[in-house]
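A.B. asks: just the structure for this:
(one chain, ligands or ions: 3)
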Amino acid sequence: MRKPIKVEEAIERVMNESMEGEREYVSLEESYGRVLAEDMKATTDVPWFDRSPYDGYAIFAEATQNASTNSPVLLEVVGTVGAGSVWEEPLKPNQAVKIMTGAAIPDGANAVIMVELTKEVVKDGKAYVQIKRKVSKGENISRIGEDMLKGSLLVEKGTVINPGVVAILATFGYHRVPVMKKPKVVIIATGSELLNVYEPLEKGKIRNSNSYMLQTQILRAGGEPVVFGKVKDTFQETYEAVTKAMEEANIIVTTGGVSVGDFDFLPKVYEKLGAKLLFNKVAMRPGSVTSAAVLDQKMLFGLSGNPSACYVGFELFVRPYLKAMLGQKNCYLKKVQAVLKKDFTKANPFTRFVRAKLSYDDGMLQVEPIGKDKSNIVSSLIEANSLIVLPGGTRGFQEGTKVDVLLLEDEQGARNWQ
Ligand SMILES: Nc1nc2c(c(=O)[nH]1)N[C@H]1C(S)=C(S)[C@@H](COP(=O)(O)OP(=O)(O)OC[C@H]3O[C@@H](n4cnc5c(N)ncnc54)[C@H](O)[C@@H]3O)O[C@H]1N2
Ligand code: MOO
Ligand SMILES: [Mg+2]
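C.D. replies: Ligands and ions are numbered 1, 2, ... in the order given. Okay, here's the model as predicted:
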């Protein structure tokens, strides 16, 4: 007889074993989607020189003090400066330099007027810009540091690198980016009934879908899946596969063979390996047989063979452990509250994780159980973007009730499981 523990307790036992993984450097081009391994600070001010945000004329603002439609001011245009070039001569008050967007403001100038608001006139063979309004000091100047100040913290360690972060890294010249190594997660599917996906069906057999599902879940969580394929339901094959996995994995995920059947060998494998068992029964559905053990700082997750139970077990236990290795602060699935769109009448003494579809309709978050909810069902995973959390008890849940929902596809995550 196994003693079920609460989901919260099971997650805590897993996370108490968690540790941060190693780091490595990748090129900026390869950094998208990786997890930043260091805090990123601004190494310079941005912009680091005053520059023009418009195509126009750099001028000394005070020279336009009395300019108006009736008495325009003429400033002599002494040259043109484009982005990337520098106007070296200090500007005199009655002069202007034609300036392009992105070019450095010449010394002596303290404002820019957009080209559309001016007219160029030629007088006595000299070019002048005609200005009919007062321009204020500092107008249209992108100031040093207006975007980022040198030394300021821009992106925290543990952040998933998105296109915006890539822009920051490029701005400060990081062509090599410190990232967390992707934890290696070995997947072993156990079951004598399993066929490879390319094999035709035979009586009593099914295709190994869990390996592929897990591979994708590992990728989604930021890990590196290593697929070991399938093993028959024998102690020897299972033991050998797990032993081999110990050599290269940070995390070992098995599916199936973890319950109380005659051919469920994982409990015996953990025992023979001398792994510390964290739990072998959780008060949840699906996934009540989910087990976890730890050996030589490697976590062994024994997920159920039943596809939906396997899926849920991964998201609740493996995902946060993996994210902690990646140094992410928000390891847990984000939890929101939503209104139940349909009755869910099946009561269960265990906490229930119902595959569901969350949507934002009529100005509120609504959630709908997908339907078939047994743990051996695969089809309800297609549309699942969330899991409704229904606390254990004897009652069902009525339409209109507010329920907790865990988001499966959210990148932000949450700091706490609760
Ligand atoms: N007497 C009891 N029997 C069972 C209990 C129990 O408490 N007492 N728990 C049930 C629950 S709940 C679950 S969940 C399953 C879990 O069993 P295992 O984790 O040992 O998994 P298997 O028996 O190996 O397989 C279960 C089921 O899943 C199919 N399967 C397995 N691997 C794959 C795969 N890679 N791809 C697709 N499908 C897979 C397998 O054919 C079985 O149908 O135990 C219950 N029994
Ligand atoms: O582990 Mo089973 O999936 O609880 O239903
Ligand atoms: Mg079994």
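A.B. asks: what's the pLDDT at Glu411?
C.D. replies: Per-residue pLDDT puts Glu411 at 86.
A.B. asks: for the nearest residue to it once chain neighbours are set aside, phi and psi?
C.D. replies: Spatial nearest neighbour of Glu411, chain neighbours left out: Val160 (6.1 Å); criterion: C-beta to C-beta, 6 or more residues apart in numbering. Placement of C-beta: from N, CA and C, glycine included. Main-chain torsions, Val160, degrees, to the nearest 10: phi -80, psi 130.
A.B. asks: and if you look at Met15?
C.D. replies: The phi/psi pair for Met15 (degrees, to the nearest 10) is phi -70, psi -20.
A.B. asks: do the same with the one 4 residues further on
C.D. replies: For Met19, the backbone dihedrals are phi -150, psi 160 (criterion: degrees, to the nearest 10).
A.B. asks: tell me the bridge partners for the residue nearest to Glu411.
C.D. replies: Applying DSSP bridges to Val160 yields these beta-bridge partners: Val35.
A.B. asks: contacting residues around it?
C.D. replies: Gly33, Arg34, Val35, Leu36, Gly222, Gln328, Glu411 (C-beta atoms under 8 Å, 6 or more residues apart in numbering).
A.B. asks: could you export the residues you listed as CSV, including neighbour count?
C.D. replies: CSV is the format used below for the contacts of Val160 (neighbours: other C-beta atoms under 10 Å):
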residue, neighbour count
Gly33, 13
Arg34, 21
Val35, 22
Leu36, 24
Gly222, 20
Gln328, 23
Glu411, 12
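A.B. asks: endpoint to endpoint, stretch 177-185 covers what distance?
C.D. replies: Chord length of stretch 177-185, first to last residue, is 23 Å (C-alpha to C-alpha, to the nearest Å).
A.B. asks: also stretch 217-231?
C.D. replies: 21 Å.
A.B. asks: could I get the CA-only coordinates of whichever strand or helix holds Ile11 as CSV?
C.D. replies: Here Ile11 is covered by helix 7-16, with elements defined by DSSP states H and E. Extracted in CSV, the C-alpha atoms of helix 7-16 (Å, rounded to 0.1, in the frame of the first residue of the first chain):
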residue,chain,number,x,y,z
VAL,A,7,0.5,17.7,-4.5
GLU,A,8,1.9,20.8,-2.7
GLU,A,9,4.1,18.5,-0.5
ALA,A,10,5.2,16.5,-3.5
ILE,A,11,6.3,19.6,-5.4
GLU,A,12,8.1,20.9,-2.4
ARG,A,13,10.0,17.6,-2.0
VAL,A,14,11.1,17.9,-5.6
MET,A,15,12.1,21.5,-5.4
ASN,A,16,14.0,21.0,-2.2
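A.B. asks: in it, what counts as buried?
C.D. replies: Within helix 7-16, the residues scored as buried using 16 or more other C-beta atoms under 10 Å are Val7, Ala10, Ile11, Arg13, Val14.
A.B. asks: can I get the residues you listed in a markdown table with pLDDT and distance to ligand 1?
C.D. replies: Formatted as a markdown table, the buried residues of helix 7-16 follow (pLDDT from 0 to 100; distance: C-beta to the nearest ligand atom, whole Å):
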| residue | pLDDT | distance to ligand 1 |
| --- | --- | --- |
| Val7 | 97 | 15 |
| Ala10 | 98 | 15 |
| Ile11 | 98 | 18 |
| Arg13 | 98 | 19 |
| Val14 | 98 | 18 |
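A.B. asks: quick one: which of these is nearest ligand 2?
C.D. replies: Closest to ligand 2 out of these is Val7 (11.6 Å), distances taken as C-beta to the nearest ligand atom.
A.B. asks: that older thread, of all the contacts of Val160, which comes closest to ligand 1?
C.D. replies: Checking these against ligand 1 with C-beta to the nearest ligand atom, the nearest one is Gly222 at 22.7 Å.
A.B. asks: isn't the closest one up against Lys181?
C.D. replies: No - contact criterion C-beta atoms under 8 Å: Gly222 and Lys181 do not qualify, at 10.5 Å.
A.B. asks: re earlier: how distant is the helix or strand that the helix holding Ile11 is followed by from the center of its chain?
C.D. replies: Downstream of helix 7-16, the next assigned helix or strand under DSSP H and E is strand 23-27. How far strand 23-27 lies from its chain's middle: 17 Å, per C-alpha atoms, centre = their mean, to the nearest Å.
A.B. asks: same question, stretch 384-401
C.D. replies: So, by C-alpha atoms, centre = their mean, the centroid of stretch 384-401 is 27 Å from its chain's centroid.
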